[in-house]
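> after the sequence you'll find the predicted model.
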Amino acid sequence: MLSCIVSAALAYYSLGFANKYASSLLAAWCGGALVALLLSPITALDGKIKMCLIIIAAIAAFYFGKKVNKQIKSIGTAIIGSFFMMHGLGQYLGGFPPIMGSGVDLEINGKTYDDVTNNLSAAYILYLLGFIFFSGLGSYIQMKFVAHDDFELFGHSDDMMNPKDS
């Protein structure tokens with residue numbers, strides 16, 4: 001019985017937290033993912049420095065998301081999805097540099113990290129272009145079709161993903 005009461009209270013307060021900070025957290029995730037993608041081929045930076053820069057970018061994006069959250073919900077999910085898609089493709093197809101690695105004493109298939117990254121610059125650029133393309137495509141689709149379809153489906157505009165309501 002006590003667990004039901006605690007669960008109900010947590011659900012109630014979680015909903016309030018989500019309504020207040022969902023778009024800001026989404027923006028923070030996008031800022032961190034974008035900086036991680038941009039910093040991943042830089043072997044001169046240590047993983048700890050990269051992590052600090054990612055955290056700083058996430059904090060700045062959180063602040064930006066709090067101030068301007070009109071399209072963050074739709075565009076943010078497109079950016080996150082695009083990042084994971086490009087990172088996942090890079091894990092299977094190869095050519096995507098490690099995000100947190102500094103390149104020191106790292107071997108991939110018998111080659112040093114520097115050898116691998118020097119041969120992957122074209123592949124990384126293709127992943128970056130794919131990230132930009134699919135972020136734009138996903139944003140367009142969500143802004144043009146998803147929010148509109150949800151309004152027609154539910155008959156009201158209080159859907160969380162409807163950018164007109166934020």
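Everything's here; your move.

> what is the helix or strand harbouring Leu137 packed up against?
When elements are assigned from DSSP states H and E, Leu137 belongs to helix 121-141. On a contact count with 3 or more CB pairs under 8 Å, 6 or more residues apart in numbering; DSSP states H and E, helix 121-141 meets helix 72-93. To be clear about C-beta, it is placed using only N, CA and C from the backbone, and glycine gets the same treatment.

> check which residues of the helix it packs on are buried.
72-80, 82-83, 85-87, 90 (16 or more other CB atoms under 10 Å).

> now the helix holding Leu137: buried residues?
For helix 121-141, by 16+ other CB under 10 Å, it's 123-124, 126-128, 131, 134-135, 138-139.

> got the contact list for the residue nearest in space to the middle of the chain?
The centroid of the chain falls nearest to Ile80 when counting by CA atoms, centre = their mean (3.0 Å). By CB atoms under 8 Å, 6 or more residues apart in numbering, the contact set of Ile80 is 26, 29-30, 33.

> out of the residues you listed, name the ones that lie in strands.
In strands, judged by DSSP state E, none of the contacts of Ile80 are found.

> for those residues, which one is nearest Lys50?
Nearest to Lys50 among the contacts of Ile80 is Ala33, at 12.9 Å by CB to CB.

> surely Lys73 and Leu25 touch.
No - using CB atoms under 8 Å, Lys73 is not in contact with Leu25; the gap is 10.7 Å.

> compute the inter-axis angle for the longest helix seen in the chain and helix 72-93.
If you go by DSSP state H, the chain has its longest helix at helix 2-39. Going by axes from the mean of the first three to the mean of the last three CA atoms, to 10 degrees, helix 2-39 is angled at 70 degrees with respect to helix 72-93.

> can you pull the buried residues of the helix or strand just after helix 2-39?
The first helix or strand that comes after helix 2-39 along the chain, using DSSP H and E, is helix 47-67. Buried residues in helix 47-67, defined by neighbour count with 16+ other CB under 10 Å: 50-51, 53-54, 57-58, 61-62, 64-66.
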